[in-house]
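> next one to model:
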Amino acid sequence: MGRKVTLATCSLNQWAMDFEGNSKRILESIEIAKKKNAAYRLGSELEICGYGCYDHFYEGDTLLHSFEVLAMLLQSPVTQDIICDVGMPIMHKNVLYNCRVIFLNKKILLIRPKMQLCNDGNYREERWFTRWMKPRQVEEYFLPRMISSITGQKTVPFGDAVLSTRDTCIGSETCEELWAPSSSHIAQSLDGVEIFTNASGSHFSLRKAYVRVDLVKSATAKCGGIYLFANQKGCDGDRVYYDGCSMIAINGSFVVQGSQFSLDEVEVLTATLDLEDVRSYRGNFASRARAAAQSEPYPRVMADFSLSKDDDIFLPSYEPVEWRYHSPEEEISYGPACWLWDYLRRSGQGGFFLPLSGGIDSSSTACIVASMCHLVCQAVDNGNPQVLTDVRRIVGDPDYVPQNPKELAGRIFVTCYMASENSSEVTRNRAQQLAEQIGSCHQSIQIDTAVSAVIGIFTAVTAVVPKFKVHGGSPRENLALQNVQARLRMVLAYLFAQLTLWAQGRPGGLLVLGSSNVDESLRGYMTKYDCSSADINPIGGISKTDLRAFIRFCVDKFGFTALKEIYDAPPTAELEPLAEGQIAQTDEEDMGMSYEELSIYGRLRKMMKCGPYSMFCKLIHTWKNTCSPAQVAVKVKHFFRSYSINRHKMTTLTPSFHAENYSPDDNRFDLRQFLYNVAWTWQFRAIDKQVDALEKNKSTPNTEEPATTPQHGSGPTN
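Numbers count the residues shown, from 1 in each chain. Model (predicted):
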């Protein structure tokens with residue numbers, strides 16, 4: 001009697017609506033799984049059409065082409081003699097469901113719709129899909145003729161069922177069902193399901209990986225059993241990056257860990273596991289046995305197939321592995337780099353153009369491109385044919401082989417220091433040194449002629465000459481003169497991006513990279529349509545605090561010593577006149593708050609769902625040792641005024657790599673109005689009342705129980 005099963009889970013770099021490429025990657029993964037002797041292959045959520053089709057899910061064409069791919073898979077000899085589990089949208093009784101289609105040898109065994117939809121953060125699944133709301137029930141699904149003619153089936157089971165083979169029982173979850181409080185695997189385990197599968201479309205966020213790991217570990221530790229987790233990888237055409245991390249676990253231990261950041265389009269993980277380990281593990285829990293004895297049964301779909309073989313006694317079984325996590329600095333280095341590579345190769349452009357100012361933000365963007373070049377060279381050295389094909393097409397040379405990351409950067413990365421009369425030699429030199437160490441094709445230009453021409457047009461019409469504040473100008477004049485410089489840099493960036501390769505006799509253009517961080521976006525500390533306006537922004541979802549740590553990381557990781565001076569320099573926009581050749585303007589002074597404070601405001605506003613009053617109530621405790629309640633009130637009011645005045649800028653924010661859960665991205669992550677009553681009269685009055693009450697309490701002596709000795713943390717702000 002067989003007892004050992006070999007199972008496969010996959011991470012595929014699928015692309016929304018790329019049915020041709022998606023189907024090829026699915027077939028390749030099945031072929032690899034079979035070569036590794038797997039009897040069951042699990043793919044990621046909606047892998048046939050791609051997870052990020054969004055409103056394309058409304059289109060009948062998306063369903064039609066998904067079925068066409070399914071028909072091709074059913075007929076392929078590659079899919080024979082292995083249970084294949086693929087994801088696609090299916091309409092049943094005029095209702096659209098996010099489904100798993102499980103088939104074997106040209107027969108569909110089960111269509112299992114998703115039972116819990118994700119509808120928060122970046123997810124809007126309920127916009128297109130309806131969850132299956134009939135637990136432990138199945139209905140008959142009438143197959144389209146194109147499928148029926150292949151399978152010989154008119155109808156197949158559709159609903160919440162489990163799959164029984166000759167030797168075990170398999171239950172399906174889809175992404176959110178693992179995260180939900182009433183996860184399907186709990187009830188399934190009580191009904192004897194021994195293998196759980198989860199097809200996921202889970203995107204990357206900084207410091208998020210441990211959550212998935214803990215959920216899978218907890219599921220198998222509590223319920224016993226084998227858990228296969230398959231997650232999409234790569235940029236499928238949007239702001240988010242799907243970071244793989246497919247895994248296989250048994251009884252609370254991991255046996256296989258997939259890569260989180262990789263340029264490989266197809267990754268297949270397999271493990272050989274002993275079913276008797278599941279049975280003996282569960283047999284030790286009397287409480288589980290009592291619960292299982294009275295559990296409601298699931299409909300079972302029978303498959304005349306065995307995952308194990310009779311002669312499997314000599315097959316080696318699993319050994320537990322310790323999960324390795326990336327540090328946040330590594331996540332910043334690899335995640336946006338993989339996202340940039342996917343965007344570059346799929347956009348058909350010839351490289352990147354970056355205005356490099358010599359500050360932390362633009363230097364961070366440059367370092368991420370450098371990290372991408374390292375990953376590309378590493379993939380080529382490892383024999384990845386797809387990466388080599390892509391890089392040859394990007395540089396326009398069919399025989400090109402990158403020699404090293406620095407040489408590759410010289411082919412696909414152009415940086416430019418755009419100086420004005422307000423720029424210092426210090427930042428010019430920093431930009432030059434970093435560009436040399438990265439290997440980018442670097443330029444340094446002077447924009448004063450263009451600035452003077454634009455201001456000259458205004459002066460010719462109005463007969464007045466605007467002045468900087470230091471020259472006696474008003475705040476409006478001062479701001480307008482800064483904005484002219486910033487916006488002209490954007491115009492010049494696109495001009496150079498469009499024509500630089502043309503000037504070199506190469507085809508294509510360059511993608512303009514942005515370099516505004518998440519904190520500046522939240523505060524609105526940017527000029528609308530300036531260099532923050534770009535094609536894509538790899539750091540737009542990352543905080544200044546994390547970027548500073550990333551800069552330190554890059555000094556050690558890549559040997560970019562020019563970053564040491566950049567790290568130590570105060571952040572500055574360099575848009576106001578210098579004071580005796582030295583920088584007179586700093587970002588934090590301009591903003592009226594520190595970057596550390598901005599991160600706190602951002603997390604409270606978005607992640608903790610705080611309005612002005614709730615934020616004040618929390619911060620009087622957090623900052624009780626450094627600020628009085630009145631000072632906290634001033635800070636909170638200043639933040640919300642600044643945020644609301646500048647919220648309109650989020651409507652034109654450059655598409656940014658999603659990394660931080662307090663991102664103000666207005667596209668779909670942080671949905672709020674962009675026209676506010678910036679006085680916040682009602683909210684600020686509520687704060688003022690509390691400040692008055694706290695101050696009154698402070699001035700009133702406590703006669704009930706006087707303290708004999710000072711107590712740490714005492715006072716009205718506790």
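
> could you use CA atoms for every contact and neighbour count after this?
OK.

> helix, strand or coil for the residue nearest to residue 334 when sequence neighbours are not counted?
Closest residue to residue 334 apart from its sequence neighbours, by C-alpha to C-alpha, 6 or more residues apart in numbering: residue 261 at 6.1 Å. Three-state assignment for residue 261 (DSSP: H, G, I helix; E, B strand; the rest coil): coil.

> quick check: phi and psi at residue 261.
phi -130, psi 120 (degrees, to the nearest 10).

> quick check: buried residues in stretch 149-158?
Of the residues in stretch 149-158, 151, 153, 156, 157, 158 count as buried by neighbour count, 16 or more other C-alpha atoms under 10 Å.

> pull up the per-residue confidence for the fourth one.
Looking back up the chat, that one is residue 157. Confidence at residue 157, expressed as pLDDT, is 98.

> what about the strands in the stretch 601-718 of the chain?
When assigned using DSSP state E, counting those that start in this stretch, the stretch 601-718 of the chain turns out to have no strands.

> same thing with the stretch 401-550 of the chain?
Using DSSP E, counting those that start in this stretch, strands in the stretch 401-550 of the chain cover 413-419, 441-446, 511-512.

> ok and the first one relative to strand 441-446, angle-wise?
In this structure, strand 413-419 runs at an angle of 20 degrees to strand 441-446, with axes from the mean of the first three to the mean of the last three C-alpha atoms, to 10 degrees as the basis.

> parallel or antiparallel, list what pairs with strand 413-419.
When pairing is defined by DSSP bridges, strand 413-419 lines up against strand 352-355 (parallel), strand 441-446 (parallel).

> quick one: closest of the ones you listed to residue 539.
Counting by C-alpha to C-alpha, residue 539 lies closest to strand 352-355 out of these; the figure is 12.6 Å.

> quick one: distance of the closest one to the chain centre.
Relative to its parent chain, strand 352-355 has a centroid offset of 22 Å by C-alpha atoms, centre = their mean, to the nearest Å.

> likewise stretch 96-110?
Centre-to-centre, stretch 96-110 and its host chain are 29 Å apart (C-alpha atoms, centre = their mean).

> quick check: end-to-end length of it?
17 Å (C-alpha to C-alpha, to the nearest Å).

> contacts for it?
With C-alpha atoms under 8 Å, 6 or more residues apart in numbering as the contact definition, stretch 96-110 has outside contacts at 45-46, 74-75, 79-91, 111-114, 128-132, 150-153, 156-159, 161, 163, 301, 303.

> after the helix or strand hosting residue 9, next one along is what?
Residue 9 is part of strand 4-12, with elements assigned from DSSP states H and E. Next helix or strand after strand 4-12 toward the C-terminus (DSSP H and E): helix 19-35.

> now which of the contacts of stretch 96-110 would you call buried?
Neighbour-count burial (16+ other C-alpha under 10 Å) is assigned, among these, to 45-46, 74, 79-80, 82-90, 111-114, 128-132, 151, 153, 156-159, 161, 163, 301, 303.

> name the residues of stretch 498-511 that are buried.
For stretch 498-511, burial by neighbour count (16+ other C-alpha under 10 Å) applies to 498, 499, 500, 501, 508, 509, 510, 511.

> scratch that, stretch 450-460
Neighbour count says stretch 450-460 has 450, 451, 455 buried, by 16+ other C-alpha under 10 Å.

> and among the strands paired with strand 413-419, the most buried is which?
strand 352-355 (a mean of 28; mean count of other C-alpha atoms under 10 Å).

> what mean pLDDT does the helix or strand that comes right after that strand get?
Next along the chain after strand 352-355, taking DSSP H and E as the criterion, comes helix 360-381. In this model, helix 360-381 carries a mean pLDDT of 97.

> also stretch 166-176?
In the prediction, stretch 166-176 has an average pLDDT of 96.

> touching that stretch from outside, list them.
2-3, 45, 112, 114-118, 161-164, 184-185, 188, 192-202, 275, 303-308.

> now do the buried residues in the longest helix along the chain.
Assignment by DSSP state H gives helix 475-503 as the longest helix of the chain. Neighbour-count burial for helix 475-503 flags 477-490, 492-494, 496-501 (criterion: 16+ other C-alpha under 10 Å).

> check stretch 665-679 too.
Buried residues in stretch 665-679 (16+ other C-alpha under 10 Å): 665, 666, 669, 670, 674.

> C-alpha coordinates for it, PDB please?
Only the C-alpha atoms of stretch 665-679 are listed here, as PDB (Å, rounded to 0.1, in the frame of the first residue of the first chain):
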ATOM      1  CA  ASP A 665      -1.900  56.200  -3.600                       C
ATOM      2  CA  ASP A 666      -5.200  57.700  -4.900                       C
ATOM      3  CA  ASN A 667      -5.500  55.100  -7.700                       C
ATOM      4  CA  ARG A 668      -7.300  52.400  -5.600                       C
ATOM      5  CA  PHE A 669      -5.400  52.000  -2.300                       C
ATOM      6  CA  ASP A 670      -6.300  55.100  -0.400                       C
ATOM      7  CA  LEU A 671      -9.600  56.400  -1.700                       C
ATOM      8  CA  ARG A 672     -10.500  59.900  -0.400                       C
ATOM      9  CA  GLN A 673     -11.700  63.200  -1.800                       C
ATOM     10  CA  PHE A 674      -9.100  65.600  -3.100                       C
ATOM     11  CA  LEU A 675     -11.100  68.800  -2.200                       C
ATOM     12  CA  TYR A 676     -11.200  69.300   1.600                       C
ATOM     13  CA  ASN A 677     -12.300  72.000   3.900                       C
ATOM     14  CA  VAL A 678      -8.800  72.500   5.100                       C
ATOM     15  CA  ALA A 679      -9.900  74.400   8.200                       C
END
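
> quick one on the thing from earlier: in helices, which of the buried ones among the contacts of stretch 96-110 fall?
Filtering the buried ones among the contacts of stretch 96-110 for helices - DSSP H - leaves 74, 151.

> okay, residue 530: pLDDT?
83.

> contacting residues for the closest residue to it other than its chain neighbours?
Among residues not flanking residue 530 along the chain, residue 487 sits closest, at 4.1 Å (C-alpha to C-alpha, 6+ apart). Residues in contact with residue 487 (C-alpha under 8 Å, 6+ apart) are 527, 528, 529, 530, 531.

> ok, the last one to residue 64 distance?
Distance, residue 531 to residue 64, by C-alpha to C-alpha: 42 Å.

> among these two, which residue is more densely surrounded?
Of the pair residue 531 and residue 64, residue 531 is the one with more neighbours under other C-alpha atoms under 10 Å, namely 26 against 14.

> so what's residue 14 up against?
When contacts are counted by C-alpha under 8 Å, 6+ apart, residue 14 touches 21, 22, 25, 47, 50, 232, 233, 234, 236, 265.

> now swap in residue 3 and tell me
By C-alpha under 8 Å, 6+ apart, the residues touching residue 3 are 167, 274, 275, 276, 308, 309, 310, 312.

> just the buried residues from those residues, in ChimeraX please.
A single ChimeraX command suffices to select whichever of these are buried according to 16+ other C-alpha under 10 Å:
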select :167,274,275,308
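
> which of the contacts of residue 3 fall within helices?
Here DSSP H is the test, and those give 275, 276 as lying in helices.

> state the number of residues packed around the nearest residue to residue 494 once chain neighbours are set aside.
The shortest distance from residue 494 to any non-neighbouring residue, by C-alpha to C-alpha, 6+ apart, is to residue 512 (6.7 Å). Using other C-alpha under 10 Å, the number of residues around residue 512 comes to 25.

> what does the one 10 residues further on give?
Neighbourhood size, residue 522 [other C-alpha under 10 Å]: 25.

> do the same with residue 198
By other C-alpha under 10 Å, neighbour count at residue 198 equals 27.

> with residue 271 instead?
Counted with other C-alpha under 10 Å, the neighbours of residue 271 add up to 24.

> hang on, it in a strand?
Yes - Residue 271 forms part of a strand when assessed by three-state DSSP.

> doesn't residue 256 make contact with it?
Yes - here residue 271 reaches residue 256: they are 7.0 Å apart, a contact under C-alpha atoms under 8 Å.

> what's the weakest-modelled helix or strand in this protein?
Within the chain, no helix or strand scores below helix 587-591, which has a mean of 82 by mean pLDDT, DSSP states H and E.
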